[in-house]
Every structure is written in C-alpha cells, then in structure tokens.
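Trainee: This is the structure alone, sequence omitted:
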C-alpha cells in the first residue's frame, strides 16, 4: 500500500530481478547472509544463482544474433504478459461467503505430484545432513518453492492449461539439480574463507601469538595471512564463539569513559 495522490493498493506484489555480480562481492553478501550475519534476512537465499566455470580456452565468436530465437522469446514474454488466470484454468480461492479471496492457483497433475514428492523427500534429507552449513541450508530450503514455480512457468510457456503436468515438472527438476549445484558452489565461496580464517586464528591462539584476552583489532592488525580482512576476522571470531572455542567478553569503559570493547579468550573447557 503506497501513498501517492490518494492510495494505490497492489493486492499481490511480485518482483523479479535478473542480473550479474562479481564473485568477490557475492561471497561477501553470502557471508553476511549467514546465520547471525548483518544480512541474515533470508533475501539472498531466495535468488537462484549460476556460478559458471571459465574455460581455459578462448576463441573469437563473430556472428549475427539469432533473430528467430530472440523473436520467439519476446513472443513468449508478450503472451505471458497478457495471460489471465482463467486462461490457465486456475482455481480461484473463495471465502466463507463465496467471494473471491487470495491468488488463483494450479495444482500438480497426479503423476507430476508423485515426482515432486519423491524429489522433496530427497531434498529434506539433504537439508538435515550434518554436513550442510546454515547459509547453504537456507538457500536450498527455498527450492521447495522454486521447483513448483519453475514447473508452473514452463507449463505456461508451453501454452498448457489445467494441472501442471509431468513434462514441465521433469524439466523443473532438471533445472533444480542445475541450480542446486551452483548454489552449493556459490555458498561455499562465502563460508570457506570464514572457516579457514577461524582455523588459522585458533592456530595463532594455540601458538601463543596473542595475549590471553584479545580483540578483533589485535588480530587483523598483525597482517597474518588470511586474517587481514576485518569483516572475515569478525565473522571468524563469531564462529569460534558460537562453537564455544572462544568466550566473548564485553569490557566496560574505564574511569575515562569510552565505548565498551569486545574481547575474546580461550574457553579452556572445550578441547580443540
């Protein structure tokens, strides 16, 4: 509900974003989107990502664009733009009084539903694996929605109406496998630097390279390999404190005032 000259109410908002980003900033966003991070709001995990390999070989490609393919794609966009729920045979929910309520929907056809439920069982097992990190789990959990959305999209692109069929569902599941493999690679790029930094930091602590109580500033100012980025060091300290390898202590200001300072010390009750 946005106030303009009067009030404009949009009953069902949908926003799609398509774009590119460099690996470095993406890894930073993913680190921030991890549990407890500054961007832990669930937004980043809702994007389906591609993390393509760059071939070691280069060759010049100089050819005209495929005009027929471009026109076919635009025809699809224009047709979907004009598409109404009734054209798809969508079911309109109603309230107790029989009045239209909510967003029209389609269901899976029985054979398509069986495929989806089999895939869903496998997904739920992967989400409960002790090997999966929280950020990747958050991203893959969104595939519960991605797969039906992809199946519905493909169903509409092909010009079908009524329940979403097996063919669109098979293609959606193939896309899900593709995007899951890329999601794992993308989220690993955000998690691995922090885990590596946490391991490097504990090695420094165990070697006596830091005082009994130290701050994040004490770490990143040393210029140690893998421990120079303030954000990564901070997240590594949070990770070690979360797993109780370190104890986080907030020091109160002294007589001269100042801001509280967070310091860390080894948790002697936990073995590394």
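Mentor: Here it is on my side, so go on. All values derive from a computational prediction rather than experimental measurement.
Trainee: for the record, mean pLDDT for stretch 215-227?
Mentor: Throughout stretch 215-227, pLDDT has a mean value of 87.
Trainee: what distance separates the start and the end of it?
Mentor: End-to-end distance of stretch 215-227 (Cα to Cα, to the nearest Å): 13 Å.
Trainee: ok now it, how far from the chain's centre?
Mentor: Centroid displacement of stretch 215-227 relative to its chain, using Cα atoms, centre = their mean, to the nearest Å, is 29 Å.
Trainee: got the contact list for that stretch?
Mentor: 193, 196-197, 200-201, 204, 209-211, 228-230, 232-234, 236-237, 261-264 (Cβ atoms under 8 Å, 6 or more residues apart in numbering). All C-beta spots, glycine's among them, are computed from the backbone N, C-alpha and C.
Trainee: Of the residues you listed, which belong to helices?
Mentor: The subset of the contacts of stretch 215-227 located in helices under the criterion DSSP state H comprises 193, 196, 197, 200, 201, 204, 230, 232, 233, 234, 236, 237.
Trainee: Dump those into JSON lines; add pLDDT, neighbour count and distance to residue 61 as well.
Mentor: Below are the ones in helices among the contacts of stretch 215-227 laid out as JSON lines (pLDDT from 0 to 100; neighbours: other Cβ atoms under 10 Å; distance: Cβ to Cβ, whole Å):
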{"residue": "193", "pLDDT": "76", "neighbour count": "20", "distance to residue 61": "34"}
{"residue": "196", "pLDDT": "81", "neighbour count": "15", "distance to residue 61": "38"}
{"residue": "197", "pLDDT": "86", "neighbour count": "27", "distance to residue 61": "40"}
{"residue": "200", "pLDDT": "89", "neighbour count": "17", "distance to residue 61": "43"}
{"residue": "201", "pLDDT": "91", "neighbour count": "27", "distance to residue 61": "46"}
{"residue": "204", "pLDDT": "91", "neighbour count": "15", "distance to residue 61": "49"}
{"residue": "230", "pLDDT": "83", "neighbour count": "13", "distance to residue 61": "42"}
{"residue": "232", "pLDDT": "82", "neighbour count": "21", "distance to residue 61": "38"}
{"residue": "233", "pLDDT": "87", "neighbour count": "26", "distance to residue 61": "43"}
{"residue": "234", "pLDDT": "86", "neighbour count": "19", "distance to residue 61": "44"}
{"residue": "236", "pLDDT": "86", "neighbour count": "27", "distance to residue 61": "43"}
{"residue": "237", "pLDDT": "90", "neighbour count": "24", "distance to residue 61": "48"}
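Trainee: Out of those residues, which is nearest to residue 53?
Mentor: Taking Cβ to Cβ as the measure, residue 193 is the one of the ones in helices among the contacts of stretch 215-227 closest to residue 53, at 19.9 Å.
Trainee: do you know how far the closest one is from residue 31?
Mentor: 7 Å (Cβ to Cβ, to the nearest Å).
Trainee: what do these two both touch?
Mentor: Between them, residue 193 and residue 31 share these contacting residues under Cβ under 8 Å, 6+ apart: residue 232.
Trainee: Quick one: the strands in the stretch 151-272 of the chain, in order.
Mentor: The residue ranges that make up the strands of the stretch 151-272 of the chain, judged by DSSP state E, counting those that start in this stretch, are 246-251, 261-266.
Trainee: Just the mean pLDDT for stretch 66-80, thanks.
Mentor: The pLDDT scores in stretch 66-80 average 95.
Trainee: what do you get for stretch 150-164?
Mentor: What stretch 150-164 shows for mean pLDDT is 95.
Trainee: can you pull the buried residues of that stretch?
Mentor: Buried positions in stretch 150-164, judged by neighbour count with 16 or more other Cβ atoms under 10 Å: 150, 151, 152, 153, 154, 155, 156, 160, 163, 164.
Trainee: which residues of the stretch 51-200 of the chain fall in helices?
Mentor: Taking DSSP state H, counting those that start in this stretch as the criterion, the stretch 51-200 of the chain carries its helices at 67-82, 110-127, 134-141, 143-157, 166-206.
Trainee: Taking strand 261-266 as reference, get the angle to the longest one.
Mentor: For the pair helix 166-206 and strand 261-266, the angle between their directions (axes from the mean of the first three to the mean of the last three Cα atoms, to 10 degrees) equals 80 degrees.
Trainee: Just want the angle from helix 166-206 to helix 110-127.
Mentor: If you take the same axes, to 10 degrees, helix 166-206 sits at 0 degrees to helix 110-127.
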